[in-house]
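>>> Starting from these lines, generate the structure:
(one chain, ligands or ions: 1)
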Amino acid sequence: MDQIIGCPVCRVTVRPADYFCFNCGKKLRVLPLGVTTGDQMKLYIGSVFLAPMGIVWGLRYLQEDGQKTKIAGIIAMSLSVITIIIVTQFAVRVVNSVNSEISTQLQGIW
Ligand SMILES: [Zn+2]
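Presented below is the predicted three-dimensional model:
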């Protein structure tokens, strides 16, 4: 049953399923977040390379309806958290090895 509604701007008749008014281009409702395989790949890759952003995006996905969207949000947030942990451990290891390198060289001098 397609309920007929009108565009709030130009009053042309639009279908409730339309995202935009075909006549004036007015946005009629918010586009759902993408859950196609391509969209999810972009989300996950972005979550890894822009790690803190994945948590923000994940939260947005979690607020959407739909099991698939929520799962995508959880995966994006998990990827971000895992990436942050790995990067932090790597940074700590680099700092430690630089520190021991410096102290070895200092021992040579003193
Ligand atoms: Zn319109």
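
>>> show me what contacts Gly73?
Listed by Cβ atoms under 8 Å, 6 or more residues apart in numbering, the contact set of Gly73 reads Trp57, Gly58, Leu59, Arg60, Tyr61, Leu62, Glu64. (Glycine included, C-beta is placed from N, CA and C.)

>>> ok, now Ala51?
Leu79, Ser80, Thr83, Ile84, Val87.

>>> Not counting its neighbours along the chain, what's nearest it?
Nearest non-adjacent residue to Ala51, counting by Cβ to Cβ, 6 or more residues apart in numbering: Thr83, 4.2 Å away.

>>> same for the ion: which of the contacts of Gly73 are within range?
The overlap between these and the neighbours of the ion (Cβ under 5 Å from the ion) is empty.

>>> so which of the residues you listed comes closest to the ion?
The ion has its nearest neighbour among the contacts of Gly73 in Glu64, at 25.7 Å by Cβ to the ion.

>>> these two touch, right, that closest one and Gly34?
No. Counting by Cβ atoms under 8 Å, Glu64 does not reach Gly34; the two are 10.5 Å apart.

>>> The ion contacts on the protein?
Cys7, Val9, Cys10, Cys21, Asn23, Cys24, Lys26.

>>> Listing request: residues of this structure with sub-threshold pLDDT.
1-4, 31, 110 (pLDDT under 70).

>>> What are the boundaries of the helices in it?
37-49, 51-63, 67-109 (DSSP state H).

>>> Could you look over those and pick the most buried one?
helix 51-63 (a mean of 17; mean count of other Cβ atoms under 10 Å).

>>> quick one: that helix to chain centroid distance?
On the basis of Cα atoms, centre = their mean, to the nearest Å, helix 51-63 is displaced by 5 Å from the centre of the chain it belongs to.

>>> just stretch 61-81 next, same as before
Chain-centre distance of stretch 61-81: 9 Å, with Cα atoms, centre = their mean.

>>> Over to stretch 38-53?
6 Å.

>>> All further residue positions should be reported with the first residue as 27.
Shifting the count to begin at 27 puts that one at stretch 64-79.

>>> quick one: contacts for the residue nearest to Leu105 when sequence neighbours are not counted?
Spatial nearest neighbour of Leu105, excluding adjacent residues (Cβ to Cβ, 6+ apart): Ser73 at 4.2 Å. By Cβ under 8 Å, 6+ apart, the contact set of Ser73 is Met79, Gly80, Trp83, Gly84, Ile101, Ala102, Met103, Leu105, Ser106, Thr109.
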